[in-house]
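# Curious how this folds, go ahead:
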Amino acid sequence: MPQFDRLPGTPEFRVRLPQDGAEARGHLLVEFGGNGTYKFLLREGSVVTAEAWPGLGRHARRFRAELRADGALVDAPAAPGRALDAPARWVVTRDVECNSSSAAAALVYGYDASGPESWRTAEGHPLADYLPTGWRPPRKAWLVRGSNVSGHNLVRRSWLEEGFVSLSGAHLPPLEESDPTKSALRRIVEEGYEGAASYHQKQGLVDELHAFLTQMRVGDTVATFDDDRLHVGRITGEAAQTASPGGLSNLRRTVAWRKDSHAYEELPEEVQQKLSVQHDVVDLTGVLDALDGLTGQAERTDPAAADDTGGYPPVERPAQRELRLPDVTGELADELLVHDRAWLEEMRELLVDEKQLVLYGPPGTGKTYLAMKLAEHFGGGPEQVKIVQFHPSYAYEDFFEGFRPVADPETREVAFRLTAGPLRELADLASREGNGHVPYFLIIDEINRANLAKVFGELYFLLEYRKKSVRLTYSGDDFWLPPNLFVIGTMNTADRSIALVDAAMRRRFAFVELSPRTEPTAGLLARWLEREGKDPEPARLLDALNSLMDDADFAIGPSYLMKPGVYRDGGLERTWRTKILPLLEEHHYGEGLDVAARYGLDALRAQHP
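The predicted structure is shown next:
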């Protein structure tokens, strides 16, 4: 029987199959496979799915077929009470050596899967935590907080003067590895901080230590914050463990700090957003270009190239394109039949200043049409615009993100997966590298028909504070709304079936009225009829009808009469009878009013010949 040597310091890992909860077990081996990662041993008695999904690779299919042919995979015995439509399973009859943990996961699942994430310990920790750090970008950037370490300001007291950055590590034993894995750090923290930290504090500490000891490299950019000023430098030394007064800085890396610093209010918005993440060590690689732009330096990986300021010789960097909404044009005003161009200019200024606005008014005033046209013009095209419509059952999980059941089309197996909603999708697109200057628009139609506090959740905060971030409910990510994401909502004021918009919503949005009695909606139908070369009578009749309405929220908008069918034979009468009068009957329900006698075409024509 072949001898399989387990990788020292690693536990047994498991995979639980969906539906019936059958389990596969295995562990890492000391040998490396053909792809340069550790081999994996799938243990005898493990259960695997018998069905191969369409996306399974050829090598994995061949491996499963060979194991099946030599008897290493046999049909699992039927369990008592097993459903007739339960998925077919195989049992592993002997230990099977796999080329990698991912190859073992594919064997178990019947489809390609990530081994480092699929295989878990009994406590739920991923196999990835037991692997050494893989590839990372040549240079990264980090924020390390030090202005309040157990009440002491280390930035002012020692970091800048002595040229280092540090973490406390007061309860850590002597570290034997220079680049410990996350699993090794978890074990060390559990032992060293027993009784000194909560489980959540320990989890955060493991992440911070792993970043400081293993992820950081000489040549990386490092930043810290003190007295509303950002200090930037370059890491010049490996992590070292030492004794320090009070155990405040037992883990250190030497840093060449620049002599200049930068006021918080002068920082780019994306940097301010990252600084709001509440951790002692934060990965700033996503804003590395912005940090380089602050110093005006091209960062290099050779510390010997630094000058006496801790910086590096300047080189030309490509200019960052600024976010800017296109100007209002005469063509846009003509297309929308807005004769007062100043109104469109005001819409542009509101979007620039507020980022969010709501167009509200009675039905038929063109709120959704206008929102789409404004978004397409200021966003540069329909591909930068996403539209959603709220309704009473709409929730946070629909709008932003949540766990949703997803069925495989082949096997019909259902699993809950974290799925992004329209706002997260658009925000992720807007925040991609190189997209910062491109405006993106989210249109929320019928925004007042949902429970807004339920739909927005913690995102309410971000609508008002675009330079801050929040910890998300489901994914746990630190998230912020990018500055190039704009929101336009529409609200039908005639819908009395829902509660009025709360004060929190009104504070976060600019509200713009669209009413048949005010610009730009007033006179819109007359201008449209003139442009189309049609009889102006419908405009006169609509104005006469609205003059009889004592509630502006129930006025009738012009879009009802801006459709081709209205101007076919009998179209105006048909539209009036089937579209407009039913709205007015609902408004006057229970009053005993003869709606047709007051608002019908014959009555209006008689009053306004």
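# where in the stretch 451-600 of the chain is pLDDT low?
Within the stretch 451-600 of the chain, the ranges that satisfy pLDDT under 70 run 495-501.
# Tell me where it has strands.
470-471, 478-479, 485-492, 510-513 (DSSP state E, counting those that start in this stretch).
# Of those strands, flag the one that's most buried.
The highest average neighbour count among the strands of the stretch 451-600 of the chain, using mean count of other CB atoms under 10 Å, belongs to strand 485-492 at a mean of 24. (Glycine included, C-beta is placed from N, CA and C.)
# Go ahead and name everything in contact with that strand.
Strand 485-492 has contacts (CB atoms under 8 Å, 6 or more residues apart in numbering) with 351, 355-363, 367-368, 371, 374-375, 378-379, 426-427, 430, 439-448, 463, 501, 509.
# Next, count neighbours for Tyr111.
19 (other CB atoms under 10 Å).
# Report the secondary structure state of the residue lying closest to it once chain neighbours are set aside.
Residue nearest to Tyr111 in three dimensions, not counting chain neighbours: Trp53, with 3.8 Å by CB to CB, 6 or more residues apart in numbering. For Trp53, the assignment made with DSSP: H, G, I helix; E, B strand; the rest coil gives coil.
# How much space separates Trp53 from Ala552?
Shown here: Trp53 relative to Ala552, a distance of 59 Å by CB to CB, to the nearest Å.
# go on, Gly115?
Distance, Gly115 to Ala552, by CB to CB: 64 Å.
# go on, Pro483?
36 Å.
# which of these two has more neighbours?
Pro483 (18 against 15).
# Verify the contact between the more buried one and Glu322 for me.
No. Judged on CB atoms under 8 Å, Pro483 makes no contact with Glu322 at a distance of 10.6 Å.
# Redo the strands of the stretch 451-600 of the chain as JSON lines? Include distance to Thr285.
JSON lines is the format used below for the strands of the stretch 451-600 of the chain (distance: least, CB to CB, whole Å):
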{"stretch": "strand 470-471", "distance to Thr285": "19"}
{"stretch": "strand 478-479", "distance to Thr285": "14"}
{"stretch": "strand 485-492", "distance to Thr285": "21"}
{"stretch": "strand 510-513", "distance to Thr285": "35"}
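# quick one: which of those is nearest Ser101?
Closest to Ser101 of the strands of the stretch 451-600 of the chain is strand 478-479 (CB to CB; 28.7 Å).
# Would you map the strands across the stretch 101-250 of the chain?
Counting by DSSP E, counting those that start in this stretch, the stretch 101-250 of the chain has strands at residues 141-144, 164-167, 221-226, 229-235, 240-241.
# winner for burial among these?
strand 164-167 (a mean of 25).
# what's the spacing between His391 and Leu459?
To Leu459, His391 is 18 Å away according to CB to CB.
# Between those two, tell me which one has more neighbours.
Between His391 and Leu459, Leu459 has the larger neighbour count (other CB under 10 Å), namely 20 against 11.
# any chance of the strands of the stretch 101-250 of the chain in a markdown table, with distance to Lys454 and mean pLDDT too?
What follows is those, written out as a markdown table (distance: least, CB to CB, whole Å; pLDDT from 0 to 100):
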| stretch | distance to Lys454 | mean pLDDT |
| --- | --- | --- |
| strand 141-144 | 34 | 95 |
| strand 164-167 | 40 | 96 |
| strand 221-226 | 35 | 93 |
| strand 229-235 | 37 | 95 |
| strand 240-241 | 49 | 92 |
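# Tell me which residues are up against the longest strand along the chain.
With secondary structure taken from DSSP state E, the chain has its longest strand at strand 251-263. Under the criterion CB under 8 Å, 6+ apart, residues 159-160, 163-169, 172, 209, 212-213, 216, 222, 228-242, 294-295, 303, 306, 309-311 lie in contact with strand 251-263.
# Now do that strand, average pLDDT.
Computed over strand 251-263, the mean pLDDT rounds to 94.
# Pull up the pairing partners for it, direction included.
Strand 251-263 pairs in its sheet with strand 164-167 (antiparallel), strand 229-235 (antiparallel), strand 240-241 (antiparallel), by DSSP bridges.
# could I get these as CSV with distance to Val91?
Converted to CSV, those look like this (distance: least, CB to CB, whole Å):
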stretch, distance to Val91
strand 164-167, 48
strand 229-235, 51
strand 240-241, 48
